[in-house]
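Asks: Structure for the following, please:
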Amino acid sequence: MAEFRAWCSPGLDEEPSGTRTVEAIGGGAGSGGVDLRYPVFDGASLGRLVRSLREARSVLVDRPVLEIAECLGAVAARFLDATDPVRVRALELLPAATGLSPPMASSILDGMAADWTAERLVALLESEFGDPSVRDRFVVRPGRGRTRALGPAFAVHLSSGNVPGVSVTSMLRSLLVGTAVLLKPGRGDVVLPVLFAETLGALHPELAAATSVVYWPGGEDGLEGHLLSLADLVVAYGSDSSVRAVRRRLPAHVPLVAYRHRASVALVGREALERSRVRSTAREVAVAVALFDQRGCVSPQLVWVEEGGEATPSELAEAVANELRSVDVDLPVGALADDEAAVLQQRRGTAELLAASGTDVRVWSGGASPWTVVFEGGSEGPGGGPGRFIRIRPIPDAREIGEALAPIGPHLQTMALTGLGERVEAIAEILARVGVIRIAPLSRAAWPPPWWHHDGMGPLGALVRWVDLEEPL
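Replies: Numbers count the residues shown, from 1 in each chain. Sure thing, here's the model as predicted:
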């Protein structure tokens, strides 16, 4: 089994006094898996690491933000260059470390790294701040004197490991606002942030000195608690319970930016069920389900299909199954862990029993390949499952979607739409009121733009404090 050095602290010369290993979540797709070797800290060594990051932070504040964006974009370019050794190494490691198939790993890397380019980072700054130079100096705001945006000196980012690359995006946001960052990635997202930090260290060591990526397993409360006490800001990704645990350990003066558990769904209007469109609609659903192997917060878990179209919701479900079978050839689904495979077998079995008992439930599956489509005509199916597991349910009229979504309103993320024609704005108003954060075309559901309001917050605005300079009267 391969071993990966699961940390990178370019600004700290000393090596950790000890290390341990843990198996990554991968091992699927014939990869053989990979062990993550991570450092063991005590209070003194952790304190030295944080001090080195704080000392290096000055370069982030003194250097123009557009210049920082260019430096970060230069690293992104290496991940996007098919011939670059950094990308080659990333694609060698990702399947073993994540369980994703090699084609899926490549597709995810392309989509993620595209948002790390200088062009996308500048677009994010402009979207959040209007004038990016507001991060560098005081700028005039008409009728309001002058103002400046600046991040805190040092932030801790605790990421989850569902989708590779998400933690890199979080790290870059911190650097853009002028904050030194210690990133703890999740177990399924260690490779890309470590490689990014290493590459940044080679290209721009002065910026990399304000960055540290360190993995350690969850449950080491003493270490995390001490680290949180040293932070000026904490960004946490994870389940409701993990976010709650972080909040309990934070000192009162340390703000928390939390990205907790979210779920995404889709709505297919009757206009997308014209006979000439059914296959393309089914393909859009299948691709949205397949990307990230449904691990992402933007991955739809349930699809409502409006009745009254030329094709029925059940016919669309069968077409989605056919398209998932086709997508599995080009973007193979990764292998499941043993516990996930057991859950999948249970959920499929429950759905098949419901179908056999005469209820209005139908099931299509990939057999050994973990994709599953469950159509719930009048009876609720077994709930979601691992792999590419999608539930499809009819709805008499798209305007009833608010009532259908109400029970999960606090956890809604993305609503993917297609086939609503001129009704989009009216439906969007219903969705906004019930709690949906992002409303997107089904074809683009998997890839939010860099400026999206992540969980309803500005991705940079949530990290800064505004300083107002009032003009003399």
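Asks: Between the two ends of stretch 253-265, how far is it?
Replies: The separation between the terminal residues of stretch 253-265, taken as C-alpha to C-alpha, to the nearest Å, is 36 Å.
Asks: My error: substitute stretch 385-400 in the last question.
Replies: Distance between the two ends of stretch 385-400: 26 Å, counting by C-alpha to C-alpha.
Asks: Please state the offset of it from the chain centre?
Replies: Relative to the mean C-alpha coordinate of its chain, stretch 385-400 is positioned 22 Å out (C-alpha atoms, centre = their mean, to the nearest Å).
Asks: just stretch 288-298 next, same as before
Replies: Taking C-alpha atoms, centre = their mean, the mean C-alpha location of stretch 288-298 is offset from the chain mean by 10 Å.
Asks: try stretch 454-468
Replies: 18 Å.
Asks: Could I get the average pLDDT for that stretch?
Replies: Confidence for stretch 454-468, expressed as mean pLDDT, is 93.
Asks: can you check stretch 213-232 too?
Replies: Looking at stretch 213-232 alone, the average pLDDT works out to 84.
Asks: Name the residues that touch it?
Replies: For stretch 213-232, contacts defined as C-beta atoms under 8 Å, 6 or more residues apart in numbering pick out 6-9, 22, 36, 38-39, 41, 43, 46-47, 49-50, 152-156, 158, 171, 179, 182-185, 187, 190, 193-194, 196-197, 234, 242, 246, 249-251, 254. (Glycine included, C-beta is placed from N, CA and C.)
Asks: where does the stretch 351-473 of the chain have low pLDDT?
Replies: Counting by pLDDT under 70, the low-confidence segments of the stretch 351-473 of the chain come to 379, 473.
Asks: how about 90 then?
Replies: 355, 357-360, 368, 378-387, 407-411, 449-452, 454-456, 470-473 (pLDDT under 90).
Asks: Same question for the stretch 51-200 of the chain.
Replies: Within the stretch 51-200 of the chain, the stretches falling below the threshold (pLDDT under 90) are 99, 141-145, 160-162.
Asks: show me where it has helices.
Replies: Applying DSSP state H, counting those that start in this stretch to the stretch 51-200 of the chain gives helices spanning 58-62, 65-80, 85-98, 102-114, 118-129, 166-176, 191-203.
Asks: and stretch 295-302, how far from the chain's centre?
Replies: Averaging C-alpha coordinates over stretch 295-302 and over its chain gives two centres that are 10 Å apart (C-alpha atoms, centre = their mean).
Asks: Determine which residue lies closest to the centroid of the protein.
Replies: With distances taken as C-alpha atoms, centre = their mean, the residue of the chain nearest its centroid is V166 (4.5 Å).
Asks: who touches that one in this structure?
Replies: Residues in contact with V166, defined by C-beta under 8 Å, 6+ apart, are 112, 159-160, 189, 237.
Asks: Pick out whichever of those residues sits closest to L100.
Replies: Taking C-beta to C-beta as the measure, D189 is the one of the contacts of V166 closest to L100, at 11.2 Å.
Asks: what distance separates stretch 121-141 from the centre of its chain?
Replies: On the basis of C-alpha atoms, centre = their mean, stretch 121-141 is displaced by 24 Å from the centre of the chain it belongs to.
Asks: Give me the residues contacting that stretch.
Replies: Defining contact as C-beta under 8 Å, 6+ apart, one finds that stretch 121-141 is touched by 64-66, 69, 72-73, 146-150, 172, 176-178, 450-451, 458-461, 464, 467, 469.
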